[in-house]
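Chemist: Take this sequence and fold it.
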Amino acid sequence: MEKQKEKLKQKHLKGEKGITLIALVITIIVLLILAAVSIATLTGDNGILTKAQTAKEKNDAAEKEETAKLLQAEANMNFEETEYNGVTIPAGMAPTRKEGESTVDEGLVAVDKNGNEWVWIEVPKSIYTNPDYNGENPPTTENDCDKIEEVLKAYAAPYTEGKVGQGYYWTDEWYADKGVNDIVTENTVTIESQKNLDTGCGLTLNEYKETYQKMIKSVYKNGGFWIGRYEAGIEGTTGTDEESLKLGRTTASARIDNVSTAPKAISQKDAIPYNWVYCSESQKLAKEMTPDSSKTSSLLFGIQWDLVCKFIEEKEVAKQGEEEKTNIIESINTDSQSWGNYKNTTLQITSSNAKATSYDDHEGTYNMPWASITDNKKSYDNSYDSAKGVSFYTLLSTGASDTTKKLNIYDFAGNEWEWTLEHATMNTYGPCSLRGGDFNNDSSDGSASFRGNYRPAAYNYYSFRPALY
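Modeler: The predicted model follows:
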């Protein structure tokens, strides 16, 4: 009996061992399978480790690319005087090198250390020996200012008149306001102290002459000059927050007696235009915009405005073909509706930070609050509000629509009249010269080359644009 029990016990123990071995084998197999699956999951083409490695490589590449861009940007923005595409970039400025902004034919853009953007206006040196522009008696040095001036005026002659048919042919001339609607020029000075007035164009007589001479010499020496890419804007207004919108000027009563305490003028996208300023105030603001003390920034002289028109004509003809020359000149010299913000235009808003204010023709209200344009792709009708049955003439922030861009210059036609430095000699009551039309008038009343004239005053449709030389 005892032997049988011992046999059963041994058999049972053998069975237990057998089960344990089978379980162990199965466990090992399962583990191997899981390991294989895990390895495949981790290391295959779509494995976790492979994906992680790929992601790391992409991230490393992106970081290297970003670092390279930052280093390149730093190199580009060293703000030292440099040569770029045949143009001398002054100290304090650097070319943007963005596609469509990096050649003279496209409209060469440079940004200064203050964030202001400028466009190079080429004045070809070949014009000085061209018989059509006084080539028989060309200037030989930058000090031949009278000869240089003659050539420049002949070259830009199609736009000296302003809009075709105006017939006034203004000349650059200093003026000052010695009283209410009482204008003095160099030829009408009666006492020596009147020469020190800067209440007209913002410059005394000597300052005007010195600035004009410097501009003429610089254009000859450098083959052109810079202008603000945008109409002058108010510093701090490029955003769409409530504080930015509140900084827009609302009346002429806030006279700028001291530019050091006034908001700075900027040439940047999405800014509220610096309006409600007299010409003299505009000049003082523009003078502070130079990024380099060895350069001069100021309002444009009349001849400079004409040269910008000529630059646009020549580059657009080169781009579109000689057969379009008549139409191109007409769009500058007769009616600039196709590329300006006027009360009879419709624009496609392209900036996501665009802002607007309106003049209510029914109420005669100029001071409607600035507000963001929330639908930045909408077609913006500037002529008529059918729901109210009244006209709402709409002033836009700088660079709000690419429609208003020619050769990377925004709003050279329309949006705001822009003060220039010449005296409108045909009218002593309205001596101050304004160019380019505004949102409050039809395009045919203010083409890009148009010369308006008015008394020393400030309105919401008067602004300015700086030049740099």
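Chemist: residue ranges of the helices in this protein, please?
Modeler: Counting by DSSP state H, the chain has helices at residues 2-43, 48-76, 145-155, 205-222, 242-246, 279-287, 302-320, 325-333.
Chemist: Quick check: mean pLDDT of the fourth one?
Modeler: To tie it back to what came earlier, the one meant is helix 205-222. Model confidence over helix 205-222 averages 97 on the pLDDT scale.
Chemist: so what secondary structure elements neighbour it?
Modeler: Helix 205-222 sits against helix 145-155, strand 224-228, with contacts defined as 3 or more Cβ pairs under 8 Å, 6 or more residues apart in numbering; DSSP states H and E. For the C-beta atoms, the positions are set from N, CA and C on the backbone; glycine is no exception.
Chemist: Spatially, which residue comes closest to residue 86, not counting chain neighbours?
Modeler: In space, and not counting its chain neighbours, residue 86 is closest to residue 104: 7.0 Å by Cβ to Cβ, 6 or more residues apart in numbering.
Chemist: Can you give me the domain boundaries for the chain?
Modeler: Using automatic domain parsing, the domain ranges for the chain come out as 125-343+397-468, 346-396.
Chemist: Can you say which of these is nearest to residue 118?
Modeler: Proximity to residue 118 (Cβ to Cβ) singles out domain 125-343+397-468 among the domains of the chain, at 4.2 Å.
Chemist: Centre of the chain to that closest one, how far?
Modeler: Centre-to-centre, domain 125-343+397-468 and its host chain are 15 Å apart (Cα atoms, centre = their mean, to the nearest Å).
Chemist: first to last residue in it, what's the distance?
Modeler: Looking at domain 125-343+397-468, the gap from its leading to its trailing residue is 18 Å under the measure Cα to Cα, to the nearest Å.
Chemist: Where does pLDDT dip in this structure?
Modeler: Low-confidence segments of the chain, defined by pLDDT under 70, span residues 1-19, 36-77, 169, 360-367, 375-392, 424-429.
Chemist: just to revisit the earlier point, can you pull the contacts of the residue nearest to residue 86?
Modeler: Applying Cβ atoms under 8 Å, 6 or more residues apart in numbering, one finds that residue 104 lies in contact with 85, 86, 87, 120, 122.
Chemist: By neighbour count, which of the residues you listed wins?
Modeler: Ranked by the number of neighbours (other Cβ atoms under 10 Å), the contacts of residue 104 place residue 120 first, at 27 neighbours.
Chemist: contacting residues for the nearest residue to that residue once chain neighbours are set aside?
Modeler: On the basis of Cβ to Cβ, 6+ apart, the spatially nearest residue to residue 120 that is not a chain neighbour turns out to be residue 108, at 4.2 Å. With Cβ under 8 Å, 6+ apart as the criterion, the residues that contact residue 108 are 84, 85, 87, 95, 101, 102, 119, 120, 408.
Chemist: and the residue lying closest to residue 229 once chain neighbours are set aside, how many residues sit next to it?
Modeler: Closest residue to residue 229 apart from its sequence neighbours, by Cβ to Cβ, 6+ apart: residue 117 at 4.0 Å. When neighbours are counted by other Cβ under 10 Å, residue 117 registers 23.
Chemist: what residues are up against residue 117?
Modeler: Taking Cβ under 8 Å, 6+ apart as the definition of contact, the neighbours of residue 117 are 96, 109, 110, 111, 228, 229, 230, 267, 268, 269.
Chemist: Distance of residue 412 relative to residue 94?
Modeler: Here residue 412 is placed at a distance of 23 Å from residue 94 (Cβ to Cβ, to the nearest Å).
Chemist: In terms of packing, which of the two has more residues around it?
Modeler: residue 412 (30 against 22).
Chemist: Do I have it right that that one meets residue 448?
Modeler: Yes. In this structure, residue 412 is within contact of residue 448 by Cβ atoms under 8 Å, at 5.6 Å.
Chemist: anything in contact with each of these two?
Modeler: Taking Cβ under 8 Å, 6+ apart as the contact rule, residue 412 and residue 448 both touch 312, 340, 436.
Chemist: Most neighbours of all those residues, which one?
Modeler: Highest neighbour count within these: residue 436, with 29 neighbours (other Cβ under 10 Å).
Chemist: so what's it up against?
Modeler: Residue 436 makes contact with 305, 340, 411-414, 416-418, 446-450 under the criterion Cβ under 8 Å, 6+ apart.
Chemist: Give me the subset of those residues lying in strands.
Modeler: Assigned to strands by DSSP state E, the following of these qualify: 417, 418.
Chemist: and the two most separated of the contacts of residue 436?
Modeler: Pairwise distances among the contacts of residue 436 were taken by Cβ to Cβ; the largest, 15.8 Å, belongs to 416 and 449.
Chemist: Just want to know which of the two has more residues nearby.
Modeler: Set residue 416 next to residue 449 and count neighbours by other Cβ under 10 Å: residue 449 wins out with 31 against 28.
Chemist: Run a quick check on the more buried one versus residue 166, I expect a contact.
Modeler: No. With the criterion set as Cβ under 8 Å, residue 449 and residue 166 do not qualify as a contacting pair; they are 9.1 Å apart.
Chemist: The nearest residue to residue 82 once chain neighbours are set aside: neighbour count?
Modeler: What sits nearest to residue 82 in space, not counting adjacent residues and going by Cβ to Cβ, 6+ apart, is residue 89, at 5.1 Å. Close neighbours of residue 89, defined as other Cβ under 10 Å, add up to 21.
Chemist: residue contacts, residue 89?
Modeler: Taking Cβ under 8 Å, 6+ apart, we find residue 89 in contact with 81, 82, 83, 95, 110.
Chemist: Contact partners for the closest residue to residue 324 other than its chain neighbours?
Modeler: In space, not counting the residues next to it along the chain, residue 324 is nearest to residue 317; the distance is 6.7 Å by Cβ to Cβ, 6+ apart. Residues touching residue 317, when contacts are defined by Cβ under 8 Å, 6+ apart, comprise 324, 325, 328.
Chemist: between those, which is nearest residue 301?
Modeler: Of all these, residue 328 has the smallest distance to residue 301: 23.8 Å, by Cβ to Cβ.
Chemist: Give the burial count for the residue nearest to that closest one when sequence neighbours are not counted, as a bare number.
Modeler: If the residues on either side of it in the chain are set aside, residue 328 comes closest to residue 316, at 4.7 Å by Cβ to Cβ, 6+ apart. With neighbours defined by other Cβ under 10 Å, the count for residue 316 comes to 19.
Chemist: With distance to residue 464 added, can I get the contacts of residue 436 in TSV?
Modeler: Written out in TSV, the entries for the contacts of residue 436 read as follows (distance: Cβ to Cβ, whole Å):
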residue	distance to residue 464
305	11
340	17
411	12
412	12
413	15
414	15
416	8
417	9
418	5
446	15
447	18
448	16
449	17
450	16
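Chemist: what about the strands in the stretch 101-250 of the chain?
Modeler: With DSSP state E, counting those that start in this stretch applied, the stretch 101-250 of the chain shows strands at 109-112, 117-122, 175-179, 182-185, 224-228, 233-234, listed in chain order.
Chemist: Turn the contacts of residue 317 into JSON lines, including distance to residue 465 and neighbour count.
Modeler: JSON lines is the format used below for those (distance: Cβ to Cβ, whole Å; neighbours: other Cβ atoms under 10 Å):
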{"residue": "324", "distance to residue 465": "26", "neighbour count": "13"}
{"residue": "325", "distance to residue 465": "26", "neighbour count": "14"}
{"residue": "328", "distance to residue 465": "21", "neighbour count": "20"}
